[in-house]
Structure formats: structure tokens, C-alpha cells
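Asks: Pasted the sequence and its predicted model underneath.
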Amino acid sequence: MVLGLIPARFASTRLPGKPLVDLGGQSMIQRVVRQAQQANLARVVVATDDERILRHVEDFGGEAVLTHPDHPSGTDRLWEAFQQLGSPADVHCIVNIQGDEPFIHPAQINALADLFADAATAPAIATLVKPVVSEEELFSPHLPKVVLSQQGHALYFSRHPLPYQRGREPAEWLAHHRYLRHLGLYAYQPQVLAQLTRLPVSPLEAAESLEQLRWLEAGFQIRCAETELDAFGIDTPEDVARARARLGV
């Protein structure tokens, strides 16, 4: 069984109440839930820190659990939610679906879930990557890049372009190397998620402000599936305006 969990916090520095923002007659969290329900998931549950979000999700027919408000990361919130659901033994994969991506495509979720179909070859952790197609993407510190092993495992994530190309001007880099950027969708084996929540902040994580580096430093492998589909995260009022424009409202 594949379980989809969607962390959704009410507090946000740049956009308070973000999950409840209206996007063309539906809230952002409702759109995320509806997209996730189209994927090959046995169950989709919102993990929130706020009763307003809990009630809202239940009002539109979704499922939600109320978690502690002081979790340091979405990963910790997911683990509490899984425990609140009774830690069902038949769950072999938990997909962490970002609550601020109302246009997430079901195929992106399925690409990760499919990696866990065979217990013998299932990864501990999996995530999504996509090719970088513009210099703006390549040099934006807000869009982390990733380099992979030949087996498709992440070697390193960075807010800086990886790799550096010696002897070439940065403007030429994209023409001479296939760069990949990271999309913030994860899947884990349940027992691995439990282990991740016990790890302390690592030096590389602190330097880059990327939680997944904590896992790499601790020795976990992260399998990467590739997609051509982009992500559309909402963090600011300007992002909301772009989302509404995309919806034609």
C-alpha cells in the first residue's frame, strides 16, 4: 500500500494561511489533495498544525490529522501523522507531497511510487529530478541542483550549479553539460522515515539549508527518478497571482 501524506502548515513568513488561499474557487490544499487522489495512492492524508486547515479538509471530503505545531521539518510532521494513523503495517511506501504545489501532476507521484513496487529492489528514499532548461534555472539558488551516480543515486545537492566547468564561462555551461535540478517530492520506506527523524542537523545541511544533505551525510542512498514535468510551488503573493493567471481567474 502506498500512502500519500501532505504536510500543510498555517504559519508562513511570506504567505500566512497559505494552504487556505483561494485559487479559482478551490483552496490550494484542496487542489493538492485532488491532484494526489488521481495518482496510484491507496490513501491521501493532510498532516496539518492548524484546526482551521483540519476542518477545511474534512469539509471538502478529504482526510486530515492534527499534528504538533513545533516540528522542525515536514519530515517530522509526516512521521507523527503516520503514527497517528496507527502506523499501518501494510504501508510499504510513504510519499511526501508538498502542500504548496497545486498543479502537481499525478504522473510525478506515480514515478516515485513505482520504484517501491518490488520490495526486493525498493530504495530507502526516492525523489524527483528534472533537466535544467535555462540559465535562470541553473543559477537560481532557490532551485537546488543535483548530481547522480551511474546507478541513479544522488551524490550531492547544492544551490550552486553542479558540476563546475573548468575553462568555460558560466554562460556556456548549459550548452556543454546536462544539468539536473531537484523537485521537492520524496518517498520513503516507513522504517527509513522513522530513522530520518532521529538524525541531527548535519554540517552540509546547515551550509546549504537542504535537509536531504543530512540524509546523505548519514549514509542513506537517495534514488532519483527523472521527470520532464515542472513544479509550481507557491511561497509569495506574487506566486498566487501567477497561479490564478494559469487558471484563468
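Replies: Structure received.
Asks: Only C-alpha atoms from now on, for both contacts and neighbour counts.
Replies: OK.
Asks: Next, the residues that contact the longest strand seen in the chain from outside, please.
Replies: Ranked by number of residues, the top strand in the chain under DSSP state E is strand 180-188. By C-alpha atoms under 8 Å, 6 or more residues apart in numbering, the residues outside strand 180-188 that reach it are 93-98, 109, 112-113, 123-132, 138, 143-147, 157, 231.
Asks: next helix or strand past that strand?
Replies: Once the chain leaves strand 180-188, the next helix or strand it forms, by DSSP states H and E, is helix 190-196.
Asks: what lines up beside the longest strand of the chain in the sheet?
Replies: If you go by DSSP bridges, strand 180-188 pairs up with strand 93-96 (antiparallel), strand 125-131 (antiparallel), strand 145-148 (antiparallel).
Asks: May I have the phi/psi pair for the nearest residue to residue 204 once chain neighbours are set aside?
Replies: Computed as C-alpha to C-alpha, 6 or more residues apart in numbering, the closest residue to residue 204 that is not its neighbour in sequence is residue 213, at 6.1 Å. Here is the backbone geometry of residue 213 (degrees, to the nearest 10): phi -70, psi -30.
Asks: Need the strands paired with strand 180-188 in TSV (columns: mean pLDDT).
Replies: Output for the strands paired with strand 180-188, formatted as TSV (pLDDT from 0 to 100):
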stretch	mean pLDDT
strand 93-96	97
strand 125-131	97
strand 145-148	98
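Asks: ok, back up a step: just the buried subset of the contacts of strand 180-188, please.
Replies: 93-98, 109, 112-113, 123-132, 138, 143-147, 157, 231 (16 or more other C-alpha atoms under 10 Å).
Asks: How many residues are close by residue 55?
Replies: Each residue near residue 55 was counted by other C-alpha atoms under 10 Å, and the total is 16.
Asks: What helices and strands are in contact with the helix or strand harbouring residue 34?
Replies: For residue 34, the host element (DSSP H and E) is helix 28-37. Judged by 3 or more C-alpha pairs under 8 Å, 6 or more residues apart in numbering; DSSP states H and E, helix 28-37 is in contact with strand 2-8, strand 43-48, helix 106-113.
Asks: quick one: the residue located most distally from the centre of the chain from residue 176, how far?
Replies: The C-alpha centroid of the chain is most remote from residue 167, which lies 34.9 Å away (C-alpha atoms, centre = their mean). Using C-alpha to C-alpha, to the nearest Å, residue 167 is found at 12 Å from residue 176.
Asks: the helices in the protein, which residues?
Replies: Ranges of helices in the chain, per DSSP state H, are 28-37, 51-59, 74-84, 106-113, 135-139, 173-176, 190-196, 203-208, 212-217, 237-247.
Asks: For those, give me JSON lines that also has distance to residue 18.
Replies: Listed next are the helices of the chain as JSON lines, based on distance: least, C-alpha to C-alpha, whole Å:
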{"stretch": "helix 28-37", "distance to residue 18": "7"}
{"stretch": "helix 51-59", "distance to residue 18": "10"}
{"stretch": "helix 74-84", "distance to residue 18": "15"}
{"stretch": "helix 106-113", "distance to residue 18": "22"}
{"stretch": "helix 135-139", "distance to residue 18": "24"}
{"stretch": "helix 173-176", "distance to residue 18": "34"}
{"stretch": "helix 190-196", "distance to residue 18": "26"}
{"stretch": "helix 203-208", "distance to residue 18": "25"}
{"stretch": "helix 212-217", "distance to residue 18": "24"}
{"stretch": "helix 237-247", "distance to residue 18": "9"}
